[in-house]
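Participant: Structure here, sequence nowhere to be found:
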Ligand code: KE4
C-alpha cells in the first residue's frame, strides 16, 4: 500500500509531537512500521491520508460502537454545536444522558461526568478514600485505569506487593499506597485484606480485563471480590470504561450479575467525544463537592457536544436487536479467525465478552497478566502487519482488545477472514 502522505506527516509530527503522537499506543511501537494518518471514517471503515481504506476493529479504542460518523451522531453534535459548544453551566442534556446511562446501570443512583476515563478513575479513587477514610488502593496486575500516578504500578512477583512505580515522574510516596494482586487470584486478595484490611479504601478492577488483551473473570472471581471488599468495608470499583455497553448493555456487572459500589465509565457514553463518568449510591456520591468534602471539578465536564454524541449513540444502540447483532458479528469474526489460525497450524487462545474480543498468539489459556505476557508478540505483530497490508486494521498491540460496531456487516467479516487466510498462511 502507498503511504507517502502518511510518511511525510509522520516525519512532520515527530518534530513537534512527542513520538509523533498524542497517545503512545498510536506510534505502532509494539508492531513495528510507521502508523498511517487517518483522514476520515465511515461506518466500519477508516480511510488514511493516502486514500487507503481499512476495516476498523479499533474503533477509537472502543467508543464507536455504532461505527464512524454515524448519521444520528453527526446530526446531534452538529445541532448542539449550532447552539453553542460549552456554557460552563448545567444543561438538560447532562440530565438526559445520565438518565440513559442509569437505565442500564441500576447500581448508579448518582453520576458525575468528567472528560476522560483517567479523570473518572482518579475521581472515583479520591471519593473512595474520602468515603472510607482509608488510604490504600488494591489494583490488579494487567488492568489499566488510565495514567493516574498512583495506579501506574508494576505488579510484584505474582504475590501481594507494595507497588513500585511503572513510570518515571511518579514518586514512591504515591505508589506506596497501592497494592497489586494478580487477576483471577482470590487467595492473593484474601492475603492483602488480611494484612491491610482496615487501611484499604477500595479495590479497583476491570471486571473483564481489556488492557492485557481480553481476559475473562473465572467463575466466582468477581463474586469473591465483592465479598472480600464488603467484609472489609472497602469499596469495590468496577472500571467499566471499556466494558460499559460492550460486555453487555449494562457492562460486565450485568453480564456477571455482580454489583460494585462505584462504576467508572467512558468511551461509548461519549460516542467518540471526550467523556468519562463515575457513579454509585447517593450515600457515597453525595460526599462529592458541592455537597460533600471530596473535591472534583472540570471546565468541560458534561459539555453539550459530548452529551449529544453520547445520547445519539445510546439511542441507536438501544434499538431492539442492535446490541445482539453486534455481539453475533463479533462471534462470527472470532470463530472465523480461530478456525483459520488452527487450520494454518498456528496456536491461538481466544476470548470474547459481548462486542469486544481478543486473539492471543498463545498455546495456553490466558487467565492473568503473566499468561498474557507469555504470548508470541512477534507473531502478533506479523499478523497485524499482514492484515493491515490487506486492508484490515486490528489493535497495534497484542495487549489490547478488538472491537465490533453495528456498521460491520457480513461483507466486512468475509473480507477480513479472506485477508486472514493469507496472513496466517504467511505466518505458518
Ligand atoms: P482515557 O483516559 O484514555 O479516556 O481512559 C483511560 C482508561 C481507563 N480504563 C480503562 C479500562 C481503559 O481501557 C482506559 C483507556 N483505554 C486505552 C486503550 N486500551 C486508551 C487508548 C490509549 O491509551 O490511547
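Facilitator: Thanks, I have it. Treat the numbers as computed from the prediction; the structure is a model and nothing was measured. Numbering: from 1, shown residues only.

Participant: Now do the same contact list for the closest residue to the ligand within the stretch 151-300 of the chain.
Facilitator: Closest contact between the stretch 151-300 of the chain and the ligand, by Cβ to the nearest ligand atom, is at residue 241 (3.5 Å). For glycine as for every other residue, the C-beta is placed from the backbone atoms N, C-alpha and C. Counting by Cβ atoms under 8 Å, 6 or more residues apart in numbering, residue 241 touches 117, 120, 121, 145, 146, 264, 265, 266, 267, 276.

Participant: try 6 Å this time
Facilitator: By Cβ atoms under 6 Å, 6 or more residues apart in numbering, residue 241 lies in contact with 117, 264, 266, 267.

Participant: what domains does the record give for this structure?
Facilitator: If you go by automatic domain parsing, the domain ranges for the chain are 4-69+320-427, 73-317.

Participant: Can you pull out the low-pLDDT segments for the protein?
Facilitator: Applying pLDDT under 70 to the chain flags residues 154-165.

Participant: so where do the helices sit in it?
Facilitator: 4-16, 71-83, 92-104, 117-132, 172-175, 186-196, 221-231, 251-255, 282-285, 304-317, 322-343, 369-372, 377-389, 410-427 (DSSP state H).

Participant: right, so of the ones you listed, which gets closest to the ligand?
Facilitator: Nearest of the helices of the chain (Cβ to the nearest ligand atom): helix 117-132, 2.3 Å.

Participant: Tell me the helices and strands packed up against that closest one.
Facilitator: Contact analysis of helix 117-132 by 3 or more Cβ pairs under 6 Å, 6 or more residues apart in numbering; DSSP states H and E lists strand 200-205, strand 262-266, strand 276-280 as its packing neighbours.

Participant: Let me know which of the domains of the chain is tucked in deepest.
Facilitator: Among those, ranked by average contacts under mean count of other Cβ atoms under 10 Å, first place goes to domain 73-317 (a mean of 21).

Participant: nearest to residue 141, of the helices of the chain?
Facilitator: Residue 141 sits nearest to helix 369-372 of all the helices of the chain, at 4.4 Å, using Cβ to Cβ.

Participant: That closest one close to the ligand?
Facilitator: No: if you take Cβ under 6 Å from any ligand atom as the test, helix 369-372 misses the ligand, and the best it gets is 13.1 Å.

Participant: any idea how far residue 76 is from residue 70?
Facilitator: 9 Å (Cβ to Cβ, to the nearest Å).

Participant: Quick one: end-to-end length of stretch 369-378, please.
Facilitator: 17 Å (Cα to Cα, to the nearest Å).

Participant: chain center to that stretch, what's the gap?
Facilitator: From the chain centre to the centre of stretch 369-378 is a distance of 19 Å (Cα atoms, centre = their mean, to the nearest Å).

Participant: Run the chain-centre distance for stretch 334-351.
Facilitator: 24 Å.

Participant: For residue 128, which non-adjacent residue is closest in space?
Facilitator: residue 202 (3.8 Å; Cβ to Cβ, 6 or more residues apart in numbering).

Participant: pretty sure that neighbour is touching residue 236, no?
Facilitator: No: Residue 202 lies out of contact with residue 236 (Cβ atoms under 6 Å); the separation is 7.0 Å.

Participant: beta partners of the residue nearest to residue 128?
Facilitator: residue 137, residue 235 (DSSP bridges).

Participant: ok, it - contacts?
Facilitator: Contacts of residue 202 (Cβ under 6 Å, 6+ apart): 128, 137, 234, 235, 237.

Participant: where's the third one relative to residue 201, distance?
Facilitator: Right, the one you point to is residue 234. According to Cβ to Cβ, residue 234 and residue 201 sit 6 Å apart.

Participant: now for the helices of the chain, which one comes closest to residue 292?
Facilitator: The nearest among these, by Cβ to Cβ, is helix 117-132 at 7.5 Å.

Participant: quick one: that closest one near the ligand?
Facilitator: Yes: with Cβ under 6 Å from any ligand atom as the criterion, the ligand is reached by helix 117-132 at 117, 118, 121.

Participant: how about the residues of the stretch 151-300 of the chain near the ligand?
Facilitator: So the stretch 151-300 of the chain meets the ligand at 206, 210, 211, 239, 241, 242, 266, 276 (Cβ under 6 Å from any ligand atom).

Participant: wait, the second one sits on residue 401?
Facilitator: Yes: the pair formed by residue 210 and residue 401 meets the contact definition of Cβ under 6 Å, at 4.4 Å.

Participant: Which residue, other than its chain neighbours, is closest to the most centrally placed residue in the chain?
Facilitator: Nearest to the mean C-alpha position of the chain, by Cα atoms, centre = their mean, lies residue 242 at 2.9 Å. Leaving aside its chain neighbours, residue 242 sits nearest to residue 210 (4.2 Å; criterion: Cβ to Cβ, 6+ apart).

Participant: ok, residue 303 touching residue 85?
Facilitator: No: the criterion here is Cβ under 6 Å, and residue 303 misses it with residue 85 at 7.1 Å.

Participant: so what sits against both of those two?
Facilitator: With Cβ under 6 Å, 6+ apart, residue 303 and residue 85 have no common neighbours.

Participant: now stretch 260-268, how far from the chain's geometric center?
Facilitator: The answer for stretch 260-268 is 11 Å, by Cα atoms, centre = their mean.

Participant: What's the end-to-end length of it?
Facilitator: 20 Å.

Participant: Distance-wise, check residue 312 relative to residue 87.
Facilitator: 19 Å.

Participant: Check residue 414 too.
Facilitator: Residue 414 is 47 Å from residue 87, by Cβ to Cβ.

Participant: what residues are up against residue 41?
Facilitator: 68, 69.

Participant: Up against the ligand, what does the stretch 1-150 of the chain have?
Facilitator: So far as Cβ under 6 Å from any ligand atom goes, the stretch 1-150 of the chain lies against the ligand at 23, 25, 61, 116, 117, 118, 121, 144, 145, 146.

Participant: dump the residue contacts of the last one.
Facilitator: With contact set as Cβ under 6 Å, 6+ apart, residue 146 has these partners: 117, 118, 121.

Participant: Touching, the first one and residue 266? I think so.
Facilitator: Which is residue 117. Yes: counting by Cβ under 6 Å, residue 117 touches residue 266, with 3.6 Å between them.
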